[in-house]
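Visitor: build the 3D model from these lines:
(one chain, ligands or ions: 1)
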Amino acid sequence: MHVYLYGGQVTSWKNEYGEELLFVSSKAVFKPPKAIRGGIPICFPQFGSQGSLEQHGFARNRLWSVDPDPPPFAVNNPNKAFVDLILKHSEEDMKIWPHRYEFRLRITLGPGGDLMLTSRIRNTNTDGKSFAFTFAYHTYLAVSDISEVRVEGLETLDYLDNMKDKERFTEQGDAITFESEVSDCFNVDKVYLSTPTKIAILDHERKRTFVLRKDGLPDAVVWNPWDKKAKAMPDFGDDEYKHMLCVEAACVEKPIILKPGEEWRGRQEISAVPSSYCSGQLDPQKVLNCD
Ligand SMILES: O=P(O)(O)OC[C@H]1O[C@@H](O)[C@H](O)[C@@H](O)[C@@H]1O
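Guide: Take a look at the predicted model:
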């Protein structure tokens, strides 16, 4: 696992065979001012462009620190490998977001190779003011070929379509796939609302299933830029959209509000398992029910 202090960002997560499980663009730039294109950027205190801040907020392009003395978690498992990072308000940032906060991020590699991210965000305002924020773990999963991928767990849910002015739609009954017979441009950019806590991303070609579990984050974003948008992004290769999919545990529709002294927690855990191990016939119910 690799973690950058720049962005507090995980940029590499491998399985026991040394295979990379996260996508990072070959054109990614690992220094300011832009966020690193790939891995797991943290979107805070604003997801997307709805708000006064730059797209996805500023946490992803700030320099975080290693937290020397993190407050303990209620349950601490000594067998896990983890790193604690912290980001605090700066005088400069208070000009664009006038709040004091402490954002603690614990990145844990579980005994089975699972990747867990736990965020604890505390309002440390001294002026008695609450603040509101939206959030996402903008997770870039590495996939063999986007046309071989299926996402399960989001069927029949409502979503906001960022490609259609954030209009609200309801997903049809089937698992989500990423092929388009009608057009060669298939930019997917949807915010699924109030989703189940478990989502499965099946990569048929690689026979790998990512199981994403989340807590404190009601929504889930699914994004792939497809070819036209890929070409327009300077830090993204023209064909790289075929080998990635963003599935992001998020809180977008209803911002989180914290009073001074209050703390919020949001967690995302991903495991990568052989599809057969979990699902047999790639049966969605079996994938979602396995633990
Ligand atoms: O290029 P950025 O700022 O990293 O954003 C990438 C994408 O991130 C997704 O989460 C958003 O839903 C998309 O709208 C956006 O295009």
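Visitor: buried stuff in stretch 243-255?
Guide: Within stretch 243-255, the residues scored as buried using 16 or more other C-beta atoms under 10 Å are 243-253, 255. Yep, even glycine has a C-beta here, placed from its N, CA and C like the rest.
Visitor: and if you look at stretch 4-12?
Guide: Neighbour counts over stretch 4-12 (16+ other C-beta under 10 Å) mark 4, 6-11 as buried.
Visitor: ditto for stretch 31-50
Guide: Under the neighbour-count criterion of 16+ other C-beta under 10 Å, stretch 31-50 has 35-48 buried.
Visitor: cool, stretch 187-205 as well?
Guide: In stretch 187-205, counting by 16+ other C-beta under 10 Å, buried: 187-193, 195, 197-204.
Visitor: considering only those, which also neighbour the ligand?
Guide: Asp189 (C-beta under 6 Å from any ligand atom).
Visitor: which one of the buried residues of stretch 187-205 sits closest to the ligand?
Guide: Nearest to the ligand among the buried residues of stretch 187-205 is Asp189, at 4.7 Å by C-beta to the nearest ligand atom.
Visitor: pretty sure the closest one contacts Leu245?
Guide: No: Asp189 is beyond contact range of Leu245, at 11.8 Å (criterion: C-beta atoms under 8 Å).
Visitor: tell me, what's touching these two both at once?
Guide: Counting by C-beta atoms under 8 Å, 6 or more residues apart in numbering, the common neighbours of Asp189 and Leu245 are 222-223.
Visitor: farthest pair in the buried residues of stretch 4-12?
Guide: Spatial extent of the buried residues of stretch 4-12 (C-beta to C-beta) is set by the pair Tyr6 and Val10 at 11.9 Å.
Visitor: in which helix or strand would I find the closest residue to Arg62 other than its chain neighbours?
Guide: For Arg62, ignoring the flanking residues on the chain, the nearest one in space by C-beta to C-beta, 6 or more residues apart in numbering is Leu87 at 5.9 Å. According to DSSP states H and E, Leu87 maps onto strand 81-88.
Visitor: next SSE downstream of that strand?
Guide: helix 91-94.
Visitor: centre of the chain to that next one, how far?
Guide: Here helix 91-94 shows a centroid-to-chain-centroid distance of 25 Å under the convention C-alpha atoms, centre = their mean, to the nearest Å.
Visitor: mean confidence (pLDDT) on whichever helix or strand comes after it, please.
Guide: Beyond helix 91-94 on the C-terminal side, the first helix or strand identified by DSSP H and E is strand 101-109. Strand 101-109 shows a mean pLDDT of 97.
Visitor: tell me how far Val83 lies from Met1.
Guide: 9 Å (C-beta to C-beta, to the nearest Å).
Visitor: what is in contact with those two at once?
Guide: Contact criterion C-beta under 8 Å, 6+ apart; residues shared by Val83 and Met1: Ile107.
Visitor: for the stretch 151-291 of the chain, what spans make up the strands?
Guide: Here the stretch 151-291 of the chain has its strands, by DSSP state E, counting those that start in this stretch, at 158-161, 167-170, 176-177, 188-192, 198-203, 208-215, 219-224, 244-258, 263-274.
Visitor: can you give me the neighbour number for the residue nearest to Arg62?
Guide: 24 (other C-beta atoms under 10 Å).
Visitor: surely it and Val66 touch.
Guide: No: counting by C-beta under 8 Å, Leu87 sits too far from Val66 to count as a contact (11.3 Å).
Visitor: burial count for the residue lying closest to Thr177 once chain neighbours are set aside?
Guide: Once flanking residues are discounted, Thr177 sits nearest to Arg150: 5.3 Å by C-beta to C-beta, 6+ apart. As a burial measure, Arg150 scores 18 neighbours (other C-beta under 10 Å).
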